[in-house]
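In: pasting the structure only:
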Ligand SMILES: NC(=O)c1ccc[n+]([C@@H]2O[C@H](COP(=O)([O-])OP(=O)(O)OC[C@H]3O[C@@H](n4cnc5c(N)ncnc54)[C@H](O)[C@@H]3O)[C@@H](O)[C@H]2O)c1
């Protein structure tokens with residue numbers, strides 16, 4: 001085998017102790033150049049394991065703290081072991097110094113999201129203002145000794161941070177300020193997603209899967225997608241999994257069952273108060289949820305608005321928006337794409353409506369029931385029952401998203417009409433807003 005220095009590693013069983021050793025070994029002088037793309041690292045020192053084959057490139061005085069990259073030298077190990085080392089999945093996370101990321105990054109680094117034998121490289125994107133905080137996050141990741149975490153790098157320019165990304169989790173966005181209308185929020189955050197869409201287009205892998213969390217997430221995802229024509233439109237998602245999880249929990253509590261028995265729950269539409277949590281097609285223990293619960297009044301008048309406005313209620317109680325449960329739901333959303341969906345079930349994610357089987361207007365990002373074969377792709381599940389109650393509400397959410405798309409047409413390169421989301425009546429709330 002050629003004496004090739006490969007800066008990545010793989011199987012947890014075989015490598016974990018050595019990685020931990022490497023981290024515990026301390027810095028010991030100048031490192032050779034590290035292959036790959038350490039972001040904004042100007043110089044490096046190295047921590048060398050008891051064996052020379054594994055090195056950790058860490059930062060020196062000028063470089064940011066917490067940034068490191070593990071380097072594995074195949075030529076120093078036997079071929080059987082080397083062959084089983086997997087390439088890391090490169091995960092770029094924006095808003096990395098924010099509340100949600102503070103939970104999510106540690107789940108990803110632990111192996112809970114991409115699997116127990118899948119190494120991970122984390123690329124953290126922050127804003128200019130969160131530059132210092134990003135180093136703090138990176139330091140905490142470094143201190144956590146996650147065996148599967150092979151690289152952490154930080155940056156404030158998406159053109160650096162998204163290089164070769166396999167996944168981009170776009171969480172960073174600005175919250176709606178006092179007196180700000182939804183249209184203003186769309187404009188302000190839209191600019192972020194134009195920049196990030198263009199960066200994904202230029203430097204991410206064309207197969208990169210994108211999950212937009214920053215609000216208004218459906219339309220932000222649309223903006224990113226329209227600015228990234230090199231990526232398949234089917235690779236873009238906006239997060240509605242938190243809404244699905246909330247719906248499952250409330251159905252389970254009402255039915256007096258454990259929530260694992262609640263399946264086939266769809267959130268239709270926008271991640272806003274017009275979203276439609278579908279109790280018509282939901283199942284509990286394999287039976288129709290409507291039959292098990294047998295209380296249409298509760299389903300229509302209590303359950304539905306409770307899910308639509310739960311984020312706002314949580315803000316009232318907590319004083320800030322949901323972070324831990326959002327991180328859990330992002331992890332769930334990714335796991336749903338990288339593992340096969342159980343037979344007969346589906347999950348909710350907001351995806352591009354092009355060619356959808358429900359007659360929803362094409363060219364918007366709309367939450368629908370989807371299944372995956374576990375390779376990161378998905379298909380929209382056809383054939384759900386859409387009764388009059390659902391149809392009327394799904395239509396409202398579709399209209400809202402169509403209007404949002406109009407308002408940002410100057411950011412998506414489309415010809416658009418006037419923005420109708422101005423004025424109190426048109427100004428619906430995000431679920432996370434009080
Ligand atoms: N889709 C959902 O289900 C859902 C649920 C909860 C929250 N959210 C949304 O997620 C977003 C983040 O929430 P949070 O609680 O983590 O917020 P936060 O304010 O704690 O963190 C946001 C971080 O993003 C950073 N940021 C701002 N602009 C950026 C940019 N251009 N590039 C990179 N980073 C940038 C900020 O500096 C901050 O550190 C918000 O928009 C929130 O409304 C969505």
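Out: Alright, I've got the coordinates. It should be emphasised that the depicted structure is a prediction, and the values quoted were computed from it without experimental measurement. Numbering: from 1, shown residues only.
In: Neighbours of the closest residue to the ligand within the stretch 1-150 of the chain, how many?
Out: In the stretch 1-150 of the chain, the residue that lies nearest the ligand is residue 98 (2.1 Å; CB to the nearest ligand atom). C-beta coordinates here come from the backbone N, C-alpha and C atoms, glycine included. Residue 98 has 22 neighbours, counted by other CB atoms under 10 Å.
In: Any chance of the backbone angles for it?
Out: Residue 98 adopts backbone torsions of phi -90, psi 180, taken as degrees, to the nearest 10.
In: Go ahead and confirm it touches residue 171.
Out: Yes. Between residue 98 and residue 171 there is a contact under CB atoms under 8 Å: 6.3 Å.
In: count of neighbours near the residue lying closest to residue 173 once chain neighbours are set aside?
Out: Counting by CB to CB, 6 or more residues apart in numbering, residue 173 lies nearest to residue 214, which is 2.8 Å off, once chain neighbours are set aside. Applying other CB under 10 Å, we find 25 residues neighbouring residue 214.
In: Give me the three-state assignment for residue 214.
Out: coil (DSSP: H, G, I helix; E, B strand; the rest coil).
In: where's the nearest residue to residue 113 once chain neighbours are set aside, which helix or strand?
Out: Using CB to CB, 6+ apart and skipping the chain neighbours, the partner closest in space to residue 113 is residue 331 (4.8 Å). Assigned by DSSP states H and E, residue 331 belongs to helix 324-338.
In: between the helix or strand following that helix and helix 324-338, how many degrees?
Out: Sequence-wise, the next helix or strand downstream of helix 324-338 (DSSP H and E) is strand 347-352. If you take axes from the mean of the first three to the mean of the last three CA atoms, to 10 degrees, strand 347-352 sits at 80 degrees to helix 324-338.
In: For strand 347-352, which outside residues touch it?
Out: Strand 347-352 is contacted from outside by 217-218, 221, 225, 233-234, 236-241, 243-244, 265-267, 270-271, 332-333, 336, 341, 363-372, 378, 380, using CB atoms under 8 Å, 6 or more residues apart in numbering.
In: what's near enough to touch the residue of the stretch 1-150 of the chain closest to the ligand?
Out: Residues near residue 98 by CB under 8 Å, 6+ apart: 130, 171-172, 323.
In: what residues does the stretch 51-200 of the chain put near the ligand?
Out: By the rule CB under 6 Å from any ligand atom, the part of the stretch 51-200 of the chain lying against the ligand is 94-95, 97-100, 125-127, 129-130, 171-174, 192.
In: near the ligand, anything from stretch 356-367?
Out: No. Shown here: stretch 356-367 not in contact with the ligand (CB under 6 Å from any ligand atom), separated by at least 10.2 Å.
In: first vs last residue of that stretch, how far apart are they?
Out: 11 Å (CA to CA, to the nearest Å).
In: before we move on, what about stretch 137-149?
Out: 14 Å.
In: what is the mean pLDDT for that stretch?
Out: Stretch 137-149 carries an average pLDDT of 96.
In: about what we covered before: wait, isn't the residue nearest to residue 113 in contact with residue 111?
Out: No. Shown here, residue 331 and residue 111 do not form a contact pair, counting by CB under 8 Å, at 11.2 Å.
In: buried set for stretch 363-377?
Out: 363-372 (16 or more other CB atoms under 10 Å).
In: From start to finish, how long is that stretch in a straight line?
Out: 19 Å.
In: With adjacent residues omitted, what lies nearest to whichever residue of the stretch 101-250 of the chain sits closest to the ligand?
Out: Using CB to the nearest ligand atom, the closest approach of the stretch 101-250 of the chain to the ligand is made by residue 172 at 2.7 Å. The shortest distance from residue 172 to any residue other than its chain neighbours is 2.7 Å, reached at residue 95 (CB to CB, 6+ apart).
In: Next one: residue 292, what pLDDT does it get?
Out: Predicted confidence (pLDDT) for residue 292: 98.
In: show me what contacts it?
Out: By CB under 8 Å, 6+ apart, residue 292 lies in contact with 255, 284-285.
In: Please, where are all the strands along the stretch 151-300 of the chain?
Out: 167-170, 209-212, 236-238, 262-263, 266-268, 276-278, 283-284, 287-288 (DSSP state E, counting those that start in this stretch).
In: wait, the stretch 301-434 of the chain
Out: When assigned using DSSP E, counting those that start in this stretch, the strands of the stretch 301-434 of the chain occupy the ranges 347-352, 365-371, 379-380.
In: The nearest residue to residue 412 once chain neighbours are set aside: neighbour count?
Out: Ranked by CB to CB, 6+ apart and with sequence neighbours excluded, the top spatial neighbour of residue 412 is residue 226, at 3.8 Å. Using other CB under 10 Å, residue 226 is surrounded by 22 other residues.
In: Show me what from the stretch 201-350 of the chain comes close to the ligand.
Out: 213-215, 217, 239, 242, 271, 321-323, 326.
In: Report the helix or strand with the lowest average pLDDT across the chain.
Out: Here the helix or strand of the chain ranked lowest by mean pLDDT, DSSP states H and E is strand 27-30, holding a mean of 26.
In: For the protein, which segments count as helices?
Out: With DSSP state H, the ranges of helices along the chain come out as 12-24, 79-83, 99-110, 131-143, 158-161, 182-203, 217-226, 241-255, 289-293, 296-298, 304-318, 324-338, 388-407, 409-412.
In: There's contact between residue 408 and residue 190 in this structure, I believe.
Out: Yes. If you go by CB under 8 Å, residue 408 and residue 190 touch, sitting 4.9 Å apart.
In: shared neighbours of those two, which are they?
Out: By CB under 8 Å, 6+ apart, residue 408 and residue 190 have these common neighbours: 219, 223.
In: Which one of the residues in the stretch 301-434 of the chain is closest to the ligand?
Out: The ligand sits closest to residue 326 of the stretch 301-434 of the chain, with a gap of 4.1 Å, by CB to the nearest ligand atom.
In: Grab the nearest non-local neighbour of that residue.
Out: Residue 326 sits nearest to residue 100 (CB to CB, 6+ apart), 4.9 Å away.
In: Just say which of the helices of the chain is most tucked in.
Out: helix 217-226 (a mean of 28; mean count of other CB atoms under 10 Å).
In: neighbouring contacts of that helix?
Out: 170, 173, 186, 189-190, 192-194, 196-197, 200, 210, 212, 214, 231, 233, 236-239, 270-272, 350, 352, 363-367, 401, 404-405, 407-408, 411-414.
In: again, only using 6 Å
Out: For helix 217-226, contacts defined as CB atoms under 6 Å, 6 or more residues apart in numbering pick out 186, 189-190, 193-194, 196-197, 212, 214, 233, 236, 238-239, 270-271, 350, 365, 401, 404, 408, 411-412.
In: cool, and stretch 398-418?
Out: By CB under 6 Å, 6+ apart, the surrounding residues in contact with stretch 398-418 are 183, 186, 190, 194, 218-219, 223, 226, 270, 274, 360-361, 364, 419-421.
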